[in-house]
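S.K.: quick one: sequence and predicted model below, then my questions.
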Amino acid sequence: GKQTAQKTKTLTKTAPVAKLTSKEKDHPAPPPDDVLEPASSDRKNGAVYHMGRLLGKGGFAICYEGRLAGTRQKYALKIVKSYMPQKKMEQKFQTELQIHSKMNHPNIVKFHRAFAYEKCTYIVLELCPSGSLMDMVKKRKYITEPEVRFYTIQLAGAIKYMHAKGIIHRDLKMGNVFLDKDMNVKVGDFGLAALLMSGKDMTACRRTTLCGTPNYIAPEILEKNKGGHDHTVDIWSLGIIIFALLTGKPPFQSQTADEIYRRARERDYDWPKLETSENYISEEVKDLVALMLREPALRPEPDHIVQHPFFTCGWMPRAEEMSPEWREGSPD
Ligand code: ADP
């Protein structure tokens with residue numbers, strides 16, 4: 001509608017116009033509406049991105065690798081249709097742009113710029129070529145405690161940074177945590193993020209799909225008549241992520257969303273029985289997860305998380321020691 005067009009205009013003014021070329025033939029042809037054919041820009045100094053491989057599709061975005069012409073610099077180009085049929089989507093996207101563009105942390109996907117081109121909005125993001133934690137767990141079934149130590153410390157740092165800036169992410173899950181080429185984690189997708197102190201709006205979107213995946217939602221978000229929730233929902237989600245990394249599935253996984261919510265409310269979860277030394281699960285990590293899944297006010301803050309005995313009871317890999325078999329890619 002009209003509003004959408006106006007917002008798009010603002011974006012165009014502040015960002016360079018792109019000339020896009022799609023040379024590679026090894027990725028599926030984008031839908032005709034996504035406007036990726038070569039086009040020329042009449043503006044001087046307009047950035048040109050060469051489109052590379054398809055990185056993935058999300059709820060309302062499609063992501064390609066893009067190389068800035070004249071450089072070797074690669075980015076992730078997230079492409080979103082400027083016209084969104086649903087108001088909620090439009091809002092999600094505006095929030096994402098506003099909040100994400102203010103984030104600057106080594107464990108948060110860097111937001112470089114956004115611009116409008118033809119009928120789409122392009123977001124130029126730091127490239128995370130190793131996929132998400134979800135992709136990794138799908139491929140390997142579960143990951144080891146030393147790796148979980150490494151990722152948890154980085155995630156705690158990212159959460160501390162966001163909360164200090166007054167931002168609650170609200171949608172932390174394995175699929176939103178990406179990996180760079182050195183296997184550092186990078187939190188992405190700020191579509192559900194919110195400024196602290198604005199909890200009321202959550203009541204409105206309770207139980208809707210835009211509120212994220214049932215598996216990672218803290219129970220207090222679903223409770224009626226509670227004036228929203230605070231930043232500790234992100235700590236809850238981190239607890240779920242740690243459990244899922246170590247076991248291959250989230251703790252409350254069930255057939256229906258309602259059953260997931262019931263189990264979450266009752267903290268009804270079991271650690272799997274020890275199978276091999278590979279998927280060893282220490283008492284320390286069980287304790288840490290239990291702390292993160294307590295009621296909101298009792299959950300540990302990021303600074304306390306990293307002081308937990310889990311981080312000293314076993315080996316902590318250095319960056320260069322992280323999972324080489326993943327980097328080489330194992331045959332499926
Ligand atoms: P949506 O907000 O619509 O869910 P996402 O942000 O999840 O879209 O992006 C869709 C997909 O694109 C992701 O699942 C992932 O595979 C890929 N992707 C997103 N951001 C990046 C990035 N910075 N680097 C590499 N791949 C990315």
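M.R.: Received it, and whenever you're ready, just let me know what you need.
S.K.: kindly report the residues of this structure close to the ligand.
M.R.: Taking Cβ under 6 Å from any ligand atom as the test, the list of the chain residues beside the ligand reads 55-61, 63, 76, 78, 109, 125-128, 178, 188-189, 191. (Each C-beta comes from the backbone N, C-alpha and C, glycine too.)
S.K.: buried only: go through the residues you listed for me.
M.R.: Neighbour-count burial (16 or more other Cβ atoms under 10 Å) is assigned, among the residues of the chain next to the ligand, to 55, 60-61, 63, 76, 78, 109, 125-128, 178, 188-189, 191.
S.K.: now intersect the residues you listed with the strands, please.
M.R.: Secondary-structure check on these using DSSP state E: residues within strands are Leu55, Cys63, Ala76, Lys78, Leu125, Glu126, Phe178.
S.K.: let me know how buried the closest residue to Ile240 other than its chain neighbours is, in neighbour terms.
M.R.: The spatial neighbour of Ile240 that comes closest, neighbours along the chain excluded (Cβ to Cβ, 6 or more residues apart in numbering), is Tyr216 at 4.9 Å. Taking other Cβ atoms under 10 Å as the neighbour definition, Tyr216 ends up with a count of 26.
S.K.: so Tyr216 sits right up against Pro250, yeah?
M.R.: Yes - with the criterion set as Cβ atoms under 8 Å, Tyr216 and Pro250 qualify as a contacting pair; they are 7.0 Å apart.
S.K.: which residues do these two both contact?
M.R.: When contacts are counted by Cβ atoms under 8 Å, 6 or more residues apart in numbering, Tyr216 and Pro250 are jointly contacted by Ile240.
S.K.: test my guess that Trp77 contacts Glu126.
M.R.: Careful, residue 77 is Leu and not Trp. No - here Leu77 lies out of contact with Glu126, judged by Cβ under 8 Å, at a distance of 11.4 Å.
S.K.: for this structure, what spans make up the strands?
M.R.: With DSSP E as the definition, the chain shows strands at residue ranges 19-22, 48-57, 62-68, 74-81, 111-117, 120-126, 167-168, 177-179, 185-187, 194-195.
S.K.: what's the closest non-adjacent residue to the residue of the stretch 101-250 of the chain at minimum distance from the ligand?
M.R.: With Cβ to the nearest ligand atom, the shortest gap between the stretch 101-250 of the chain and the ligand falls at Cys128, namely 3.6 Å. For Cys128, ignoring the flanking residues on the chain, the nearest one in space by Cβ to Cβ, 6+ apart is Phe178 at 3.5 Å.
S.K.: contacting residues around that neighbour?
M.R.: Going by Cβ under 8 Å, 6+ apart, Phe178 touches Val109, Cys128, Ser130, Gly131, Ser132, Leu133, Val185, Lys186, Val187, Gly188.
S.K.: that older thread, closest to Phe310 among the buried ones among the residues of the chain next to the ligand?
M.R.: Proximity of those to Phe310 (Cβ to Cβ) peaks at Phe178, which lies at 23.4 Å.
S.K.: Asn107 touches Asp182, doesn't it?
M.R.: No - at 11.8 Å, Asn107 does not count as touching Asp182 under the criterion of Cβ under 8 Å.
S.K.: more neighbours, these two?
M.R.: Relative neighbour count places Asn107 above the other of Asn107 and Asp182, with 20 against 10, counting by other Cβ under 10 Å.
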